[in-house]
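Undergrad: Have a look at this fold, sequence not included:
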């Protein structure tokens, strides 16, 4: 089967590019002296996680209990569920741990610690837990400069009912970068925030087994991982238009794309329509901090070889993508029924629109891989 | 089972509200003398379409061939696929028509007519087709003021290889309204654009069986459907925060919501975190034309009774929703593990995040209904 046999809208994964992205990140993290624990939420697909973890410890990071269960079933035995654990999910976590999986949980409050202790005692499980640290993103995590944070760490470490695994942080604010230098600076902050906090706790006699950091922009740009034990980037397996804009990768590295068909052509209003809308690309606005008119993805020819910088995916509705043509183009270049390949703004959200990925190499579809969905 | 037994994030449908919304729209369209052909893309669920079509002709509107097949299998025999037909889908349309389903297709170009004629001849099928008319939205459709449009209509009507069904338009620009009066004005334009075009074509001797219009804002606000034969609103079965903002409904009419759990609490930065992120609510930005800081949904207590206007769902990432508290609130009101109900900006896109809806009445879960997904 080749790409021409597929029925758009559908999700494509370029195997050569994806393998190259995975190898490059694995090499870099290894060279900087840390372990790679890739976040699999971007693709949620065991086959891809196996490529990401090749040669490493096999540890992965997930964003839902559904992922944890599916990846455990696929043979991954060391999983970090890197969202502050929702209380209704603690029972599911306990069930999975009882099957022999190491499932690390994350918390950032004494209330969560108390809940995990109580549930763990009731279930006969000692949960491995990371303390989430806020390195400046301000989404989750304790502020390492506050005394309460050190006190919580001490309480956590001394709890007989959980197993303290270490500190974990995520510099999501690296997505506000405009280039690799800015991302490198955020990477430095990410590392220093958590490494300094670990040093402070160690000075007070606390053993900190793991110091975990990571995002694709920071792990792509970072120059040092001194003091860090593991890195958790995820998006880099696919990359996307956003990562291109902020300098994490080149457009030739983007391994995920959506194949679309032209379904309308309106030369009189300089536009045409494709059958990939919000349910195929997501409404992620993309790098609007760099270009408020960036549109919803980058548009390429069907074979992926030719980029059309003058085509702008200006609006998405449920099943329609509206493409604006910014310079006169012959309508015959974009006839009804022709196909385009779109690199979405955010591959994590666009990939989640599909129940399968068509894996291709040199234009040939070599496999179909199915991701896990839901929670 | 009641709501407390559910495991967030999950999708709730309030049956009382949904039935009331459906009855109200059916009554209104009937009173204005047209048939209701509801768009089912919002929910993609046969049980809900049956409520929407109760007492009517049973005709529905879909946005994908996957919906067309699933609803045909559920007994719907008169379906309009209201997207300019993607050429790779024509074979599937032909297959469905051969099973005895009336599947109306939509086109807006001579190229599409020629393709349908050729495929129809090859398959031994005469496709029923609507000519899509642009009433000012400028997404798809022919411009009714252009001579080429009347010429295309004449060609279409005289084609022996397709069955001309009539004119179809959609005033998607009604979503730019700021209140019901503005939506009523757009409804007038929507109706007049297509009714005047029909009259012009009829003057030239063309028979126009159907004149089809519709969107939820325009069908909620419209005062007349004179000259219109059918209306195709869809979102009204659920409504959402966007429709509340533009005056299509009150907040007590919104039948779709997402149940979420509080997973983080950060009084020092006046915020907390829920486990409903972009994969549970979509990143639809909502009515930013009215309030650039509208956030990603309206936040209610778990039972849906209490609205929290001072809570703002300011940011969504994949599995996190960040809620900002705009006035001092006791942290004890929002403890970890507590649940909130979120009315998303756009119920069509949020509903598409889930593989089932929990149908509830008076706080009790009375059923689980499964939508169709994909294309």
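TA: Done, it's in. From a predicted model like this one, the values you see are computed outputs, not experimental measurements.
Undergrad: CA only for contacts and neighbour counts going forward, please
TA: Will do.
Undergrad: Can you tell me the closest non-neighbouring residue to residue A:370?
TA: residue A:356 (4.5 Å; Cα to Cα, 6 or more residues apart in numbering or on different chains).
Undergrad: count of residues packed around that neighbour?
TA: Residue A:356 has 17 neighbouring residues, counting by other Cα atoms under 10 Å in any protein chain shown.
Undergrad: again with the one 4 residues further on
TA: The tally of other residues near residue A:360 (other Cα under 10 Å) stands at 20.
Undergrad: what separates the residue nearest to residue A:370 from residue B:213, distance-wise?
TA: Per Cα to Cα, to the nearest Å, residue A:356 is found 35 Å from residue B:213.
Undergrad: now do residue A:194
TA: Residue A:194 sits 58 Å away from residue B:213, going by Cα to Cα.
Undergrad: okay, the two: which has more neighbours?
TA: In this view residue A:194 and residue B:213 are compared by other Cα under 10 Å, and residue B:213 has more residues nearby, 28 against 25.
Undergrad: So what pairs up with the more buried one in the strands?
TA: Taking DSSP bridges as the rule, residue B:213 bridges to residue B:231.
Undergrad: if I pick the residue nearest to residue A:296 when sequence neighbours are not counted, what's in contact with it?
TA: Distances taken as Cα to Cα, 6+ apart place residue A:313 nearest to residue A:296, at 5.3 Å, with adjacent residues excluded. For residue A:313, the contacting residues are A:295, A:296, A:297, A:298, A:299, A:321, A:322, A:323, A:324, by Cα atoms under 8 Å, 6 or more residues apart in numbering or on different chains.
Undergrad: List, one by one, the residues from the stretch 201-350 of chain A near chain B.
TA: A:261-264, A:266, A:273, A:275, A:278-279, A:282-284, A:318-319, A:322, A:336-337, A:348-349 (Cα under 8 Å from any Cα of the partner chain).
Undergrad: rerun at 10 Å
TA: For the stretch 201-350 of chain A, the residues in contact with chain B (Cα under 10 Å from any Cα of the partner chain) are A:260-266, A:268-269, A:271-275, A:278-280, A:282-285, A:315, A:317-323, A:335-338, A:348-350.
Undergrad: okay if I get the contacts of residue A:313 as CSV plus pLDDT and secondary structure?
TA: Below are the contacts of residue A:313 laid out as CSV (pLDDT from 0 to 100; DSSP: H, G, I helix; E, B strand; the rest coil):
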residue, pLDDT, secondary structure
A:295, 97, coil
A:296, 98, coil
A:297, 98, strand
A:298, 98, strand
A:299, 97, strand
A:321, 98, strand
A:322, 97, strand
A:323, 96, strand
A:324, 93, strand
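Undergrad: which one among those residues gets closest to chain B?
TA: Ranked by distance to chain B (Cα to the nearest Cα), the contacts of residue A:313 are led by residue A:322 at 6.9 Å.
Undergrad: Test my guess that that closest one contacts residue A:273.
TA: Yes: using Cα atoms under 10 Å, residue A:322 makes contact with residue A:273 at a distance of 4.8 Å.
Undergrad: which residues do the two both contact?
TA: A:262, A:264, A:265, A:313, A:315, A:316, B:139, B:140 (Cα atoms under 10 Å, 6 or more residues apart in numbering or on different chains).
Undergrad: Leaving out sequence neighbours, find the closest residue to the first one.
TA: I take that to be residue A:262. residue A:274 (4.4 Å).
Undergrad: Just the buried ones from the residues of the stretch 201-350 of chain A next to chain B?
TA: A:260-266, A:271-275, A:278-280, A:282-285, A:315, A:317-323, A:335-338, A:348-350 (16 or more other Cα atoms under 10 Å in any protein chain shown).
Undergrad: Show me those residues that map onto strands.
TA: Per DSSP state E, strands hold the following members of these: A:260-266, A:271-274, A:315, A:321-323.
Undergrad: Identify, from the residues you listed, the entry nearest to chain B.
TA: Nearest to chain B among those, with distances taken as Cα to the nearest Cα, is residue A:263, at 5.2 Å.
Undergrad: what's near enough to touch that closest one?
TA: Residue A:263 touches A:272-276, A:320-321, A:334-339, B:83-88, B:107-109, B:112, B:140, counting by Cα under 10 Å, 6+ apart.
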